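# the following block contains a protein sequence and its predicted model.
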Amino acid sequence: PRCVDTRLIAVFACRFSLGRSSRIAPLLVKHSLATVIGVSDDRSTVYTSYPSEPILAEVSARYTKDEDNRRAVLAQVNAAFNNRTKLLDAPRGDVGEMCAAALLGFLMDTIRVTKTQKYMSEPVPLLDLLQYFGITKELHSLVDDWEINFTHFTRPHHVPTEHHLQVMWKRRLAYYVPDGCAGLDLLIAIKNKKCGTYGTLRVQVKNHKSKITAGAGNKILDKLLPKKCPPAVPDEKLSVGLLLCAGDVEACCNIVRYDDGKAFARESSRTKKPSSTQKLLQLSAGFPSNHHDDSVKELAKTLEEICRSQRTEEDFASKRFAKYYEAQPAAAPNKR
């Protein structure tokens, strides 16, 4: 299509994936290393994907670490989504998830550039990423020994387990989780640099017009508790639940303490050491569109603009909606 530059779309899609309905997909197969995974019965639609390619993601990240290049890429992505012919479709059809994945990926690039790292696929302190989403100073020591490292997202065909975390770490890979993982949208591995154990960053993405209140946000965050959504990681020392909103949300930062894995209680963010060895950190935050760094602010606003095309109308402020979340049973992990 003449209205978009497929080369720049490919720079984005090789890291943050494609939806099955993307009409631009055949051109990406022809010119830009996308892979055909199927053809519709009437042969009118070619289904494509970008599999996990760490080297390709590294090259893409090096290109977009330049702000002008990143700006040009996102302008083309925005144009493709706003085109009436649906040139680009998000993974699982959810633009909010894709924009949240892009936000996290580009923030990782920003951190690496700030630290003058040689490669765009080196681990960075988990704290550096969480500072964009409002972690309080009292809790910095909770994540001091933890690192995070990913460059691209893909969608697995099965529900992730603890064994996937090591593979994800080695391939600098993060997941759009498959259907069957209620309450969880994005999964990222984290690692303790001292003892070598793995933990999880579990992300729920919301893209709504109305503001999410603290009470409604806590109901959503509770769906991210390790006992309520996969993967189940025995003796997981740290899990971070992040409610990431393209719209307005009441920010919060909680510690959750487990009692024998059956009950939990929130503690003040001023509590430096939870009473349990299993540490669960919960954060609610919006895209950092008011950040002091102008490049981060511009990035967040651009991705928010892309999200608006599919923003939904649910009212998180209403008691009725909060009761709905409270009444929902925890989803059992898919055992496939």
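Thanks, I have the structure now. Worth saying up front: this structure is predicted, and the values here are computed from it rather than measured.
# pull the residues that contact stretch 243-251.
96, 99-100, 103, 133-134, 203-214, 217, 220-221, 224, 282-287, 303-304, 307, 311 (CB atoms under 8 Å, 6 or more residues apart in numbering). Where C-beta positions appear, they are placed from N, C-alpha and C, glycine not excepted.
# narrow the residues you listed to those that are buried.
Applying 16 or more other CB atoms under 10 Å to the contacts of stretch 243-251, the neighbour count classes 96, 99-100, 103, 133-134, 203-208, 210-213, 217, 220-221, 224, 282-287, 303-304, 307, 311 as buried.
# filter the contacts of stretch 243-251 down to the ones in helices?
96, 99-100, 103, 214, 217, 220-221, 303-304, 307 (DSSP state H).
# could the residues you listed go into JSON lines alongside pLDDT and distance to Ala182?
Below are the ones in helices among the contacts of stretch 243-251 laid out as JSON lines (pLDDT from 0 to 100; distance: CB to CB, whole Å):
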{"residue": "Gly96", "pLDDT": "91", "distance to Ala182": "16"}
{"residue": "Cys99", "pLDDT": "94", "distance to Ala182": "21"}
{"residue": "Ala100", "pLDDT": "96", "distance to Ala182": "17"}
{"residue": "Leu103", "pLDDT": "97", "distance to Ala182": "23"}
{"residue": "Ala214", "pLDDT": "89", "distance to Ala182": "22"}
{"residue": "Gly217", "pLDDT": "91", "distance to Ala182": "17"}
{"residue": "Ile220", "pLDDT": "91", "distance to Ala182": "11"}
{"residue": "Leu221", "pLDDT": "91", "distance to Ala182": "14"}
{"residue": "Leu303", "pLDDT": "94", "distance to Ala182": "25"}
{"residue": "Glu304", "pLDDT": "93", "distance to Ala182": "25"}
{"residue": "Cys307", "pLDDT": "88", "distance to Ala182": "22"}
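# out of those residues, which comes closest to Met168?
Ala100 (17.2 Å; CB to CB).
# wait, doesn't that closest one sit right on Val205?
Yes. With contact defined as CB atoms under 8 Å, Ala100 reaches Val205; the gap is 4.4 Å.
# anything in contact with each of the two?
Counting by CB under 8 Å, 6+ apart, the residues touching both Ala100 and Val205 are 185-186, 244, 246.
# nearest to Thr161 among those?
Among the shared contacts of Ala100 and Val205, and counting by CB to CB, the member closest to Thr161 is Leu186, at 16.5 Å.
# show the pLDDT at that closest one.
Confidence at Leu186, expressed as pLDDT, is 95.
# hey, what's the residue nearest to it when sequence neighbours are not counted bridged with?
Spatially, and ignoring its direct neighbours in sequence, Leu186 is nearest to Val203 (3.9 Å; CB to CB, 6 or more residues apart in numbering). Counting by DSSP bridges, Val203 forms beta bridges with Leu186, Leu242.
# enumerate every residue touching Val203.
100, 104, 184-188, 224, 241-244.
# you'd agree Glu122 is up against Asp109?
No. Taking contacts as CB under 8 Å, Glu122 lies outside contact range of Asp109: 11.2 Å.
# between those two, point out the one with more neighbours.
Asp109 (21 against 15; other CB atoms under 10 Å).
# now the more buried one: how far from Lys194?
26 Å (CB to CB, to the nearest Å).
# shared neighbours, Glu122 and Asp109?
Contacts common to Glu122 and Asp109, judged by CB under 8 Å, 6+ apart, are absent.
# checking Phe153 next. Helix, strand or coil?
strand (DSSP: H, G, I helix; E, B strand; the rest coil).
# can you name the residues that contact it?
15-17, 91, 101, 105, 173-176, 186.
# where's the residue nearest to Val249 when sequence neighbours are not counted relative to Gly247, distance?
The spatial neighbour of Val249 that comes closest, neighbours along the chain excluded (CB to CB, 6+ apart), is Ile212 at 4.2 Å. Distance, Ile212 to Gly247, by CB to CB: 7 Å.
# any common contacting residues for the two?
With CB under 8 Å, 6+ apart as the test, Ile212 and Gly247 both reach Lys206.
# still on that earlier bit, from the contacts of Phe153, which land in strands?
Judged by DSSP state E, those include 173-176, 186 as members of strands.
# contacts for the helix or strand hosting Ser60 next, please.
Per DSSP states H and E: Ser60 is located in helix 54-64. With CB under 8 Å, 6+ apart as the test, helix 54-64 has contacts from 11-12, 14-15, 33, 50, 69-70, 73, 105-106, 109, 119-121, 151-152, 171-173.
# please pick the buried ones from the residues you listed.
11-12, 14-15, 50, 70, 73, 105-106, 109, 120-121, 151-152, 171-173.
# point out where the stretch 201-336 of the chain drops to low pLDDT.
258-277, 310-336 (pLDDT under 70).
# thinking again about what came up before, who wins on neighbours among the shared contacts of Ala100 and Val205?
Ala246 leads the shared contacts of Ala100 and Val205 on contacts (other CB under 10 Å) with 28 neighbours.
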